[in-house]
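Colleague: Based on what follows, work out the 3D shape:
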Amino acid sequence: MKGTCLCGTVKFVINTTVTGLYQCHCKLCQKQSGSTSNTATIVKEKDFEWLSGMNSITHWKKDTGFTSDFCSTCGCPVPNKLRDLKYYWIPMGLFDSQDIPVIAHLCCNSKAFWDALPAKGKKYEEMPDDLEDFISRLQKKP
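Modeller: Residues are numbered from 1 along each chain as shown. All right, here's what the predicted structure looks like:
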């Protein structure tokens, strides 16, 4: 699957099948996305490849460790390395339409009051305790 930022400067490819997405409803993701949540997936570092535009990525890190990488031309959020783990966080809006289900909703206790969670998908009040297990659920083959 190939993804691009809004202006097409930043391009990348995921060399695996994405089977599950999540939406994070925390206040940071609301501000970063400008919406109710952030829809994303997480892939292994070995399955991710930059094609172009890496020199156009601006990195911002909050003192809490929250990071945001974005295209310095169009401001679009782009993939970034997930902490010190061997994974990449991938915002799914960077792909053309894909038929991939949202299987989890994170930080439901801090969702916007005007946000209505769908019936489908596992709901987590906070972040999952076992991140490795959560990531494996996102990558589980149907």
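Colleague: Scan this protein for its longest strand.
Modeller: The residue-count maximum for a strand in the chain (DSSP state E) belongs to strand 38-44.
Colleague: Confirm for me that residue 107 is in contact with residue 126.
Modeller: Yes - between residue 107 and residue 126 there is a contact at 6.1 Å, judged by C-beta atoms under 8 Å. Heads up, the C-betas are built off the backbone N, CA and C, glycines and all.
Colleague: So, low pLDDT: which residues of this protein?
Modeller: Residue ranges of the chain with pLDDT under 70: 142.
Colleague: Which parts of it are strands?
Modeller: 2-4, 11-14, 21-24, 38-44, 48-52, 57-61, 67-71, 80-81, 87-91, 102-106, 122-123.
Colleague: any chance of these in JSON lines, plus mean neighbour count and distance to residue 131?
Modeller: Shown next, in JSON lines, are these (neighbours: other C-beta atoms under 10 Å; distance: least, C-beta to C-beta, whole Å):
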{"stretch": "strand 2-4", "mean neighbour count": "17", "distance to residue 131": "23"}
{"stretch": "strand 11-14", "mean neighbour count": "17", "distance to residue 131": "19"}
{"stretch": "strand 21-24", "mean neighbour count": "23", "distance to residue 131": "12"}
{"stretch": "strand 38-44", "mean neighbour count": "21", "distance to residue 131": "9"}
{"stretch": "strand 48-52", "mean neighbour count": "14", "distance to residue 131": "17"}
{"stretch": "strand 57-61", "mean neighbour count": "13", "distance to residue 131": "18"}
{"stretch": "strand 67-71", "mean neighbour count": "18", "distance to residue 131": "15"}
{"stretch": "strand 80-81", "mean neighbour count": "16", "distance to residue 131": "14"}
{"stretch": "strand 87-91", "mean neighbour count": "22", "distance to residue 131": "9"}
{"stretch": "strand 102-106", "mean neighbour count": "20", "distance to residue 131": "11"}
{"stretch": "strand 122-123", "mean neighbour count": "14", "distance to residue 131": "15"}
